[in-house]
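A.B. asks: structure of the sequence below:
(chains A, B, C and D)
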2 protein chains.
Amino acid sequence: MLNFSTSEENYIKAIFHLQQDDGTVSTNELARELDTRPASVTDMMKKLKAKKLLHYEAYQGFRLTQEGKRVALMIIRRHRLWEYFLAEKLKFSWDEVHEVAEDLEHVSSKKLIDKLDEFLGFPRVDPHGDPIPDQEGRIESSRQVCLLELPLNKPAIVSHVSDQSTEILELLGHKNIGIGTKLEIKKKFDFDRSMEIKSGRLPVFTISEQLAQNIFVKIG
Amino acid sequence: MLNFSTSEENYIKAIFHLQQDDGTVSTNELARELDTRPASVTDMMKKLKAKKLLHYEAYQGFRLTQEGKRVALMIIRRHRLWEYFLAEKLKFSWDEVHEVAEDLEHVSSKKLIDKLDEFLGFPRVDPHGDPIPDQEGRIESSRQVCLLELPLNKPAIVSHVSDQSTEILELLGHKNIGIGTKLEIKKKFDFDRSMEIKSGRLPVFTISEQLAQNIFVKIG
DNA sequence: ATAATTTTTTAGGTTTGTCTAAAATTATTT
DNA sequence: AAATAATTTTAGACAAACCTAAAAAATTAT
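C.D. replies: Residues are numbered from 1 along each chain as shown, chains lettered A, B, ... in the order given. Sure, this is the predicted structure:
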C-alpha cells in the first residue's frame, strides 16, 4: 500500500468525481476543477500513469484504473468520516465541515481512519448525505433522484446537495432545507421550471430550476 | 495570524524543545534532532529569521522570538490535543499516539482545535503527562522532578517520560510503569546508580540509571 | 599564537509541483 | 478539404525544501 502526496491525492479525488462510472475526463475539465493550469494537469497525469493509477494516452483524456479507483475511494472515505466527526462530535455546522476535512483527509494512517470509523459507530453517510466507503472501499449506491425528476405529490427526503458553495447553503438555510428534510412538490411551472414545495407545516414556497438541479432526494 | 508549512512548523517545534528557557540552539543540534543536514538547517534559519520567528546571526546559533514561541506553543497545543484524542477517544495505546499526532498537528484550523479542546473537556495534560497549552498559549508548569533526584521512600506519581522510543516504552510496559503510576524508591546503589522501586503491591524491582533519567515524577 | 579540528555557511544541484509561452494535435466551420 | 479555433502537450523557468562538496569562521589543542 503506497503513499501519495497531498497534490496527487487531490488529483485522484477530482478525477474520480468527474468520471462518473466509465466516462473519460479531459485536461481542461480537470484544470478547471482543481483551479490550476492545463500544463500542470498534463505533468501530473504522466506521473499518475507511471504509478499505474491512470489510463492515459496523450490527447485522449484519462480515467482511473481499478487501483486508482481504490485509492480514490480511500481518500473519500477519510474525507467523509472526518466530515461526520466534525459535524457530529465537534458541532461544526453543515457548511463548515468540507474545508477542514480537505486538510484532514490527507493524514493517511489506516489505523487512525479505521478507529475513527469505529468511534463514530460506522456511519453510512456524511453530513451532506454522501455515502461513506467502508474499509474495502465498498460504497452504498442509494437510489436517489434529482428534485427536478421527482413526480408531483410524491413525498421524498433530501439526501444530497451537489453544489456546496456558501451561496447555495445560505439559500437552503433560508428555506429550511437540509439533509433529511421531508418534502413534496405541489406544482411545477413549465415557463421557468420553477416549482412549489411543501415541507412539514411550513407554508408552501417556491424554488428555482437552478436550485432544484442541485438537490437530490431519496424516494421511499 | 500567518500560516506555516509543515516543514517550517517542524523546525519551530524542534527549536522550542531544544531551547529550554533562554538557551541558544546550534545548527548541528537541530540537524540531529530533525534528522537532516546542517546546510538544510541554515537555509531554513534564514527563512524563519526573515519571518521574524527567530533571533539569528550567522555562526551565533538561534533562539525563537516571542512570536516564534507563540507559534511553537500553538503547534504543541495541536499535537497534544490530538494525542489526547487518539488515546482517550480512539483507544490508541500510549506509544502509538505520537506518530499519528505528528501529522495531525499540521492541520491548522484554529476553530478545529478550539472545538476539539472543548469536545475533550479541556484536558490539561496529554497521555505522556505533558501539559497542553491553552488558546492563549499558556502552559501549566507543574513542579516535576527527575526520578534520579527523588528522595528515598518519598511517594511520587510518574508524570512524564522524556524519551519516547519503542525501546523505552517496551521496557516501561514490561515493568508496569506508565503515566500516573504511583511509586517510591526503596534503595539506591551508588556503584551504578541503579535503584529499587516499589509500586503498588508488585514485588520490588530494579531500574537502571539510564531508565531513571528519562522518568519524571510529581511529588505531592 | 598558531595549527588542527569542528562547526557553520555558501555554492551549486535535485525533486516536486507549479507556471507561461509556444508548438502540436484534435475538433469545428466554412 | 482547408482554414480556423480550441485543446493539449512540450519546453523552459521558478520556488520550496532538501542534498553534497567546498569554503569560511569559530573553537580547541599544541
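A.B. asks: any idea how far the closest residue to A:Thr42 other than its chain neighbours lies from DNA strand C?
C.D. replies: Once flanking residues are discounted, A:Thr42 sits nearest to A:Thr27: 6.2 Å by C-beta to C-beta, 6 or more residues apart in numbering or on different chains. All C-beta spots, glycine's among them, are computed from the backbone N, C-alpha and C. Distance check for A:Thr27 against DNA strand C: by C-beta to the nearest atom of the strand, to the nearest Å, it reads 11 Å.
A.B. asks: got the contact list for A:Thr27?
C.D. replies: A:38, A:41-42, A:45, A:61 (C-beta atoms under 8 Å, 6 or more residues apart in numbering or on different chains).
A.B. asks: neighbour-wise, which one of those leads?
C.D. replies: Within those, most neighbours by other C-beta atoms under 10 Å in any protein chain shown means A:Val41, with 24 neighbours.
A.B. asks: isn't it right next to A:Asp35, touching?
C.D. replies: No: A:Val41 is beyond contact range of A:Asp35, at 11.1 Å (criterion: C-beta atoms under 8 Å).
A.B. asks: so which of the contacts of A:Thr27 are also by DNA strand D?
C.D. replies: Contacts with DNA strand D within the contacts of A:Thr27, counted by C-beta under 7 Å from any atom of the strand: A:38, A:41-42, A:45, A:61.
A.B. asks: what would those residues look like in a markdown table with pLDDT, secondary structure and distance to B:Arg80?
C.D. replies: What follows is the ones next to DNA strand D among the contacts of A:Thr27, written out as a markdown table (pLDDT from 0 to 100; DSSP: H, G, I helix; E, B strand; the rest coil; distance: C-beta to C-beta, whole Å):
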| residue | pLDDT | secondary structure | distance to B:Arg80 |
| --- | --- | --- | --- |
| A:Pro38 | 98 | helix | 44 |
| A:Val41 | 98 | helix | 40 |
| A:Thr42 | 98 | helix | 43 |
| A:Met45 | 98 | helix | 41 |
| A:Gly61 | 94 | coil | 47 |
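A.B. asks: residues touching A:Cys146, list them.
C.D. replies: So A:Cys146 contacts A:212-213, A:215-217 (C-beta under 8 Å, 6+ apart).
A.B. asks: for the closest residue to A:Gln135 other than its chain neighbours, phi and psi?
C.D. replies: Spatial nearest neighbour of A:Gln135, excluding adjacent residues (C-beta to C-beta, 6+ apart): A:Asp114 at 6.1 Å. Dihedral pair for A:Asp114: phi -70, psi -40, per degrees, to the nearest 10.
A.B. asks: of all the residues in chain A, which ones are close to DNA strand D?
C.D. replies: So far as C-beta under 7 Å from any atom of the strand goes, chain A lies against DNA strand D at A:26-29, A:38-39, A:41-43, A:45-46, A:56, A:58-61.
A.B. asks: would you format the contacts of A:Thr27 as a markdown table with distance to DNA strand C included?
C.D. replies: What follows is those, written out as a markdown table (distance: C-beta to the nearest atom of the strand, whole Å):
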| residue | distance to DNA strand C |
| --- | --- |
| A:Pro38 | 7 |
| A:Val41 | 8 |
| A:Thr42 | 8 |
| A:Met45 | 11 |
| A:Gly61 | 9 |
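A.B. asks: show me what contacts the nearest residue to A:Ile215 once chain neighbours are set aside?
C.D. replies: Once flanking residues are discounted, A:Ile215 sits nearest to A:Leu147: 4.2 Å by C-beta to C-beta, 6+ apart. By C-beta under 8 Å, 6+ apart, the contact list for A:Leu147 reads A:156, A:185, A:195, A:212-213, A:215-217.
A.B. asks: which of those residues count as buried?
C.D. replies: Among these, those scoring as buried are A:156, A:185, A:195, A:212, A:215-217 (criterion: 16 or more other C-beta atoms under 10 Å in any protein chain shown).
A.B. asks: B:Asp190: which of the residues you listed is nearest?
C.D. replies: Checking these against B:Asp190 by C-beta to C-beta gives A:Phe216 as the nearest, at 76.6 Å.
A.B. asks: how much space separates that closest one from A:Ala58?
C.D. replies: 36 Å (C-beta to C-beta, to the nearest Å).
A.B. asks: for chain A, what lies in contact range of DNA strand C?
C.D. replies: So far as C-beta under 7 Å from any atom of the strand goes, chain A lies against DNA strand C at A:5-8, A:36-37, A:39-40, A:43-44, A:47, A:59.
A.B. asks: pick the one among those residues closest to DNA strand D.
C.D. replies: Taking C-beta to the nearest atom of the strand as the measure, DNA strand D lies nearest A:Ala39 of those, at 3.3 Å.
A.B. asks: mind checking the longest helix of chain A?
C.D. replies: Criterion DSSP state H: the longest helix present in chain A is helix A:66-88.
A.B. asks: quick one, helices of chain A?
C.D. replies: Under DSSP H, chain A gives helices at A:6-18, A:27-34, A:38-50, A:66-88, A:97-104, A:110-119, A:166-174, A:209-213.
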